[in-house]
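# no sequence for this one, just the structure:
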């Protein structure tokens, strides 16, 4: 399994931006899918964005046009650029990896709070 460590969370005002980064403990070159999930208080964890080893991306409807996911296989990192943040984007953001055999790994999460 791969160890994942998120960073970049914090408090931001509505309309602001944050960039989350996920560092992997080993090469992610052959990891099928890297993804970001989030969990708001009292809600289930949900997919925010994912990117395959070939660069194909999927975004949750609420973040389309505002968030961008990217992966750097040379640095073993996956980033999530979040723009035009809204209070409903508040939550704990988790990095996730999924192999072709459907083996998942999770980071410990990073808190994002959007509030004035």
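Nice, I can see it. Since this is a predicted model, take the numbers as computed values, not measurements. Numbers count the residues shown, from 1 in each chain.

# Can you get me the start-to-end distance on stretch 62-78?
20 Å (C-alpha to C-alpha, to the nearest Å).

# my bad, should have said stretch 59-70
End-to-end distance for stretch 59-70: 12 Å, by C-alpha to C-alpha.

# Show residues contacting that stretch.
With C-beta atoms under 8 Å, 6 or more residues apart in numbering as the test, stretch 59-70 has contacts from 34-36, 46-51, 57, 78-85, 88-89. The C-beta positions use only the backbone N, C-alpha and C, and glycine is treated the same way.

# Quickly list what the residue nearest the centre of the chain is bridged to.
What sits nearest the mean C-alpha location of the chain, by C-alpha atoms, centre = their mean, is residue 36, with 2.6 Å. Beta-bridge pairing for residue 36 (DSSP bridges): residue 49, residue 95.

# how about it, what does it touch?
Neighbouring residues of residue 36 by C-beta under 8 Å, 6+ apart: 20, 22, 47-50, 69, 78, 80, 93-96.

# Closest one of these to residue 28?
Of all those, residue 78 has the smallest distance to residue 28: 7.2 Å, by C-beta to C-beta.

# Check the contact between the closest one and residue 55; I expect there is one.
No: counting by C-beta atoms under 8 Å, residue 55 is not a contact partner of residue 78; they are 11.8 Å apart.

# of these two, who's got more company?
Neighbours per residue (other C-beta atoms under 10 Å) separate residue 78 from residue 55, with residue 78 holding more: 29 against 9.
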